[in-house]
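# Sequence first, then the predicted structure, then my questions.
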Number of protein chains: 6
Amino acid sequence: MENERYRRGFHKFMEYTTVTQDERDSGKVADPLEDIAPDLRRFIIEFAYGDIYSRPGLDNKSRALITISSLVTQGTERQIEVHINRGLTAGLTPTEVVESIMQLVPYTGFPRVQNALIIAKKVFMQHNISKD
Amino acid sequence: MENERYRRGFHKFMEYTTVTQDERDSGKVADPLEDIAPDLRRFIIEFAYGDIYSRPGLDNKSRALITISSLVTQGTERQIEVHINRGLTAGLTPTEVVESIMQLVPYTGFPRVQNALIIAKKVFMQHNISKD
Amino acid sequence: MENERYRRGFHKFMEYTTVTQDERDSGKVADPLEDIAPDLRRFIIEFAYGDIYSRPGLDNKSRALITISSLVTQGTERQIEVHINRGLTAGLTPTEVVESIMQLVPYTGFPRVQNALIIAKKVFMQHNISKD
Amino acid sequence: MENERYRRGFHKFMEYTTVTQDERDSGKVADPLEDIAPDLRRFIIEFAYGDIYSRPGLDNKSRALITISSLVTQGTERQIEVHINRGLTAGLTPTEVVESIMQLVPYTGFPRVQNALIIAKKVFMQHNISKD
Amino acid sequence: MENERYRRGFHKFMEYTTVTQDERDSGKVADPLEDIAPDLRRFIIEFAYGDIYSRPGLDNKSRALITISSLVTQGTERQIEVHINRGLTAGLTPTEVVESIMQLVPYTGFPRVQNALIIAKKVFMQHNISKD
Amino acid sequence: MENERYRRGFHKFMEYTTVTQDERDSGKVADPLEDIAPDLRRFIIEFAYGDIYSRPGLDNKSRALITISSLVTQGTERQIEVHINRGLTAGLTPTEVVESIMQLVPYTGFPRVQNALIIAKKVFMQHNISKD
């Protein structure tokens, strides 16, 4: 499993997430789906982070903004929470997170934006950070 | 109609679009829906550009990336074309446009990405630009 | 095929569409999918019009508004055109059609609304009607 | 903040919601997002209620039906609950709420309808009303 | 209510669900929406199961796979759970359920797939079954 | 580029598409996006066909049905056409294609189904095949 794409992906993944020393050493992250779909996590590391996120041409913060925008548009709330966290780790400020969601009002309408901001607020509180 | 929000919006709108001298002078852009829904264009200028795009906290290029990402996720092809054009005017390079669409493969799947890249290619050809 | 649900549905269907004398007499409408999926049109008449549209509790105009709203939200353009026509036949005025689409700006954003209004304009022109 | 659009919007908003005397006096409603995105509530009042809901051409009940239809189609459950409440305040009967959701079976399929009716039932129980 | 379509639908429905002896005898299943929308359950039995699922040309397992695929794509989580259960009753193995969801990664992206697999895992645990 | 995943993917891809002798020899298919996004086609071969379609646990026909179901639900018409063709190549009969789309009426409503059947009819005519 420890191929070049996986290594590149895991390295990139760590720029978006805070992993434990154990996860860093093993190159594996805890995966609640390991028993029924062990390949899913591997595909996320290899394909999403190894093939896509590792491409040149856009910095990490831009990729985080684009991802959050797509997830807010879809309304996939679990992943909105995960990727607001990843965006903050990758260097987005809370204001940039809020503004990127507010930017979507003309394109998704208020409901998707409102639901995403409720999640953003929860994430900010977990990190004990305020918006400015 | 020429209120402060409209003026601010139209000024911001011109940072994303190339308007004619006549449009610039009149503060109005040609609107195919003027006869049945004349307020829609005004709301886009006042609300989308005057209230939302004019907010601090994100630069024009980031707002263009976020918008394109949402439109690709929705699959609204007419607007994908319009906003790739606006993104290029606002300073995105063709590579940044392509990369922002490629970044969505893990989040929307291949079909939405493929359809958006076909539109990007058409826009690039209209502008006689190549990707690099 | 000429069961009670079909008859009730076809009667209701005629309140939303202008059928030819031949269609009225035969109880059948021209169906481009007749060769590969002949049951689809029957299900639309029996189930959509016979079971759902025929229910008490909402008048035809309200059902047309609700249907258009759902189709605009989905962005299914072929059906938006069909159901703007049906709404007009059922008694909606052009202004009510436009307003029902404009009402969706805060809930779907501008792109879906813009695309639907372009279709509305086309339908109005086909009928040679102006908005007021 | 107390501009003409806001006042018009807040006046319209009160036709859809039961506000406290304090909220009525202050022209402000409790807003859980006030700390991270204070402008969102203002935009909802000014733009959604002041610019859109206040337009002539459709009555409050029709606007409520259209809004509920779009939210059911999107599956944004938090807002379905909010807008069923607003629709009831604006004069919709429980039967009209149920019928407007049932009308969507042919256009969204059963799952969105079923999920919306579960929410409608919950709202009716909170208000201690039965369907007829 | 006990018409031919209902009987055919209820018979088909029992191939996808485990009903109690009482439900089998009465031809009715417990319906939480019975008080506000008693026709919805009837329409599901008559139309979905009586008219659609009962058609020739595809076996029960294929219809279950197609249904799960559509629900995962929509992200309607309550129904994903229901139809994974129905698929298992209709003869799908846990591996087939997992594989049909994994097959969607290239078409919906990772978030919808991840959310559906979390539900699949929960269903498997309720039935005390492991994937192989 | 000619890695193991690509080879496996291309081999699988040929089970779903009719490639020219030249494409078969070169291991490359004509790609209209080659100039702006040359990696997209490679990712489709490597990841979609090499990693996902090549998995055990479901046969080619089931994977085609699942894919068509997701695309119909999304309404991505270009890909519906492509994958009806691929499904036929992989062994689906026209009746199975039609039935898999009809199965979606209760889950997506009539509009998505109607639009997909219009595409199916077009594909069948291109291949000069009738439904039975």
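Right, received. Where do you want to start?

# Following the helix or strand bottoming out on mean pLDDT in chain A in sequence, what is the next regular element?
Using mean pLDDT, DSSP states H and E, helix A:21-26 stands out as the lowest-scoring helix or strand of chain A, at a mean of 90. Downstream of helix A:21-26, the next assigned helix or strand under DSSP states H and E is helix A:38-43.

# got the contact list for the least confident helix or strand of chain A?
Applying Cβ atoms under 8 Å, 6 or more residues apart in numbering or on different chains, the external contacts of helix A:21-26 come out as A:14, A:29-30. All C-beta spots, glycine's among them, are computed from the backbone N, C-alpha and C.

# 7 Å instead?
A:14, A:29 (Cβ atoms under 7 Å, 6 or more residues apart in numbering or on different chains).

# and the most centrally placed residue in chain A, what helix or strand is that in?
Nearest to the geometric centre of chain A sits A:H83, at 2.7 Å (Cα atoms, centre = their mean). A:H83 is part of helix A:77-89, with elements assigned from DSSP H and E.

# List the buried residues of that helix.
Residues A:77, A:79-88 are the ones in helix A:77-89 that count as buried (16 or more other Cβ atoms under 10 Å in any protein chain shown).

# So what does the closest residue to A:R7 other than its chain neighbours have for phi and psi?
The shortest distance from A:R7 to any non-neighbouring residue, by Cβ to Cβ, 6 or more residues apart in numbering or on different chains, is to A:G27 (7.3 Å). Note on A:G27: backbone dihedrals following degrees, to the nearest 10 are phi 70, psi 20.

# is the longest helix along chain A anywhere near chain C?
The helix that spans the most residues within chain A, counting by DSSP state H, is helix A:110-126. Yes: with Cβ under 7 Å from any Cβ of the partner chain as the criterion, chain C is reached by helix A:110-126 at A:110-111.

# What sits closest to A:A64 if chain neighbours are left out?
A:G87 (3.7 Å).

# give me every residue that touches the one you found.
Applying Cβ under 7 Å, 6+ apart to A:G87 gives the contacts A:64, A:68, A:97.

# just those residues now: which is nearest chain B?
A:I68 (8.1 Å; Cβ to the nearest Cβ).

# The closest one: neighbour count?
A count of neighbours around A:I68, defined by other Cβ atoms under 10 Å in any protein chain shown, yields 27.

# Please give the element, helix or strand, for it.
helix A:60-74.

# What mean pLDDT does that helix get?
Averaged over helix A:60-74, pLDDT sits at 98.

# Contacts only, for A:G57.
The contact partners of A:G57, by Cβ under 7 Å, 6+ apart, come to B:95-96, B:99.

# which one among the residues you listed gets closest to chain E?
Using Cβ to the nearest Cβ, the contacts of A:G57 come closest to chain E at B:E99, 16.8 Å.

# For chain A, which residues are neighbours of chain B?
A:47-48, A:52, A:55, A:57-58, A:62-63, A:65-67, A:69-71, A:73-74, A:95-96, A:99-100, A:102-108.

# Show the buried residues in the residues you listed.
Using 16+ other Cβ under 10 Å, the buried ones in these are A:47-48, A:52, A:57-58, A:62-63, A:65-67, A:69-71, A:73-74, A:96, A:99-100, A:102-108.

# Which residues does stretch A:33-49 contact?
Outside stretch A:33-49, the residues within contact range by Cβ under 7 Å, 6+ apart are A:1, A:5-6, A:9-10, A:12-13, A:29, A:31, B:106, E:98, E:102, E:105, E:110, E:113-114, E:117-118, E:120-121, E:124, E:131, F:47, F:51.

# I misspoke; the intended subject was stretch A:114-121.
Stretch A:114-121 is contacted by residues A:72, A:75, A:77, A:80-81, A:84, A:97-98, A:101, D:33, D:36-37, D:40, D:76, D:78 when judged by Cβ under 7 Å, 6+ apart.

# near chain E, which residues of chain A?
So far as Cβ under 7 Å from any Cβ goes, chain A lies against chain E at A:33, A:36-37, A:40, A:43-44, A:48, A:71, A:74, A:76, A:78-79.

# from those residues, which is closest to E:T20?
A:I36 (29.0 Å; Cβ to Cβ).

# and the residue in chain A that chain F sits nearest to, what are its phi and psi?
Proximity of chain A to chain F (Cβ to the nearest Cβ) peaks at A:F47, 5.2 Å away. When read as degrees, to the nearest 10, the backbone of A:F47 gives phi -90, psi -60.

# Domain parsing of chain A, as residue ranges.
Taking automatic domain parsing as the criterion, chain A consists of the domains A:4-52, A:60-126.

# Least reliable of those by average pLDDT, please.
Of all these, the minimum mean pLDDT falls on domain A:4-52 (a mean of 95).

# Residues of chain A that sit close to chain D?
With the criterion set to Cβ under 7 Å from any Cβ, chain A comes near chain D through A:75, A:98, A:102, A:105, A:110-115, A:117-118, A:120-121, A:124, A:131.

# same thing but 10 Å
Applying Cβ under 10 Å from any Cβ of the partner chain, we find that chain A lies next to chain D at A:75, A:94-95, A:97-99, A:101-102, A:105-106, A:108-118, A:120-121, A:124-125, A:130-132.

# about what we covered before: residue contacts, the residue nearest to the centre of chain A?
A:16, A:64-65, A:67-72, A:76, A:90, A:97, A:119, A:123, B:107, E:111 (Cβ atoms under 10 Å, 6 or more residues apart in numbering or on different chains).

# Could you do A:R8 as well?
A:R8 touches A:45-46, A:49-51, A:53-54, counting by Cβ under 10 Å, 6+ apart.

# Recalculate using a threshold of 7 Å.
Residues near A:R8 by Cβ under 7 Å, 6+ apart: A:50, A:54.

# For it, pull up the helix or strand it's in.
According to DSSP H and E, A:R8 maps onto helix A:4-14.

# roughly how far out does that helix sit from the chain middle?
15 Å (Cα atoms, centre = their mean, to the nearest Å).

# Would you mark the buried spots in that helix?
A:5-6, A:8-10, A:12-14.

# Ok, stretch A:30-47 next?
Judged by neighbour count (16+ other Cβ under 10 Å), stretch A:30-47 contains these buried residues: A:33, A:36-37, A:39-47.

# could you dump that stretch to PDB, C-alpha only?
This file holds the C-alpha atoms of stretch A:30-47, laid out as PDB (Å, rounded to 0.1, in the frame of the first residue of the first chain):
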ATOM      1  CA  ALA A  30      -7.900   6.300  12.100                       C
ATOM      2  CA  ASP A  31     -10.700   5.200   9.700                       C
ATOM      3  CA  PRO A  32     -14.200   4.400  11.000                       C
ATOM      4  CA  LEU A  33     -15.000   2.600   7.700                       C
ATOM      5  CA  GLU A  34     -11.900   0.400   7.800                       C
ATOM      6  CA  ASP A  35     -13.900  -2.800   8.500                       C
ATOM      7  CA  ILE A  36     -16.400  -2.400   5.600                       C
ATOM      8  CA  ALA A  37     -14.600  -0.300   3.000                       C
ATOM      9  CA  PRO A  38     -10.900  -0.100   3.800                       C
ATOM     10  CA  ASP A  39     -10.000   1.100   0.300                       C
ATOM     11  CA  LEU A  40     -12.100   4.300   0.600                       C
ATOM     12  CA  ARG A  41      -9.600   6.000   2.900                       C
ATOM     13  CA  ARG A  42      -6.700   4.800   0.700                       C
ATOM     14  CA  PHE A  43      -8.400   6.200  -2.400                       C
ATOM     15  CA  ILE A  44      -8.900   9.600  -0.600                       C
ATOM     16  CA  ILE A  45      -5.200   9.700   0.300                       C
ATOM     17  CA  GLU A  46      -3.900   8.400  -3.100                       C
ATOM     18  CA  PHE A  47      -6.300  10.000  -5.500                       C
END
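
# just to revisit the earlier point, from the residues of chain A next to chain D, keep the buried residues only.
By 16+ other Cβ under 10 Å, the residues of chain A next to chain D give A:75, A:94, A:97-99, A:101-102, A:105-106, A:108-118, A:120-121, A:124, A:131 as buried.
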